[in-house]
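In: have a look at this prediction, sequence included:
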Amino acid sequence: MEKIQFQGTWGYEDFITTDEQTQLLDWVRENEQDFRIITRPSATDITFESHRKCYTFKTHVTHPYPLIQTIKQRVIDAESIGEFLPEPMFSDYIGHVSEGGAIHLHKDKNELGYIHVRYNVILSWPEEGGESIYGDSVNTFQERMVWRCEAGNVPHASKAVQGNRPRITLSLGFQIKE
C-alpha cells in the first residue's frame, strides 16, 4: 500500500482488495432501494439533488458491518490515528452519485477539540466527471483507493457525474483530536 500525494491531501492506492470492492458493490446493488435521497433545505434544483443518495450505517443492522470495520481499522493503522471520537452526525456511510448528480461545496462540523476527518474509499468511479473539489484543488481518484478529507476545515465538493457509471464511495467518519 503506497501513500500518494494529491493536491492538498493524500491517499493510498489499492487500499481495499478487488474482493472487498465486489462485496461492497454487490451489497449496494442489493440494497439500493434502502438508500435515502440527500437534499439540502436551500436546494433550488431538486433534479440535481435527486441524483445523490446515501446509506448511513448507524441506522440499520443489515449491512456488511464487519467488513467496514476491518477497512476502518486499516485506516486507523495506516494513518496512526490516536485519540478520536465516532463521527456523530454522519457516522460511516456509502454515498451514491449518479449521472447529473454532484456534491455541493460545504464544510462539516467539528466537535470541540476535534477535527471532522473523512476517509473516502472509492468503490466505483464514473466514466466522466465526479472529480473531487478540495479547497482550491481538483483531484481525480481511482477505484479501490482511499483519500483523506479534512471535512471540518476544508471546503469540499464534487463535480457532476457524467455517464452510466455512478460515483460510489464508502465514507468513514472520525472526529480526530486536534
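Out: Done, it's in. Everything numeric in this text was worked out from a predicted model, so none of it was measured.
In: any weak-confidence spans in the chain?
Out: Scanning the chain for pLDDT under 70 picks out the ranges 39-50, 58-63.
In: Pro88 against Glu111, yeah?
Out: Yes: between Pro88 and Glu111 a contact is recorded at 7.3 Å, counting by C-beta atoms under 8 Å. In short, each C-beta sits where N, CA and C put it, glycine included.
In: quick one: which of these two has more around it?
Out: Glu111 (16 against 12; other C-beta atoms under 10 Å).
In: measure the nearest residue to Ser137 once chain neighbours are set aside to Val138 for me?
Out: Nearest residue to Ser137, sequence neighbours excluded (C-beta to C-beta, 6 or more residues apart in numbering): Gln7, at 3.3 Å. To Val138, Gln7 is 7 Å away according to C-beta to C-beta, to the nearest Å.
In: dump the residue contacts of the residue nearest to Ser137.
Out: 134, 137-139 (C-beta atoms under 8 Å, 6 or more residues apart in numbering).
In: before we move on, which element is Tyr55 in?
Out: Assigned by DSSP states H and E, Tyr55 belongs to strand 52-56.
In: after that strand, which helix or strand is next?
Out: Downstream of strand 52-56, the next assigned helix or strand under DSSP H and E is helix 65-79.
In: which helices and strands sit right next to that following helix?
Out: Using 3 or more C-beta pairs under 8 Å, 6 or more residues apart in numbering; DSSP states H and E, the elements in contact with helix 65-79 are helix 18-31, strand 114-124, strand 167-177.
In: how about the ones you listed in CSV, adding distance to Leu105 and mean neighbour count?
Out: Putting the helices and strands packed on helix 65-79 into CSV (distance: least, C-beta to C-beta, whole Å; neighbours: other C-beta atoms under 10 Å) gives the following:
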stretch, distance to Leu105, mean neighbour count
helix 18-31, 25, 14
strand 114-124, 15, 22
strand 167-177, 16, 23
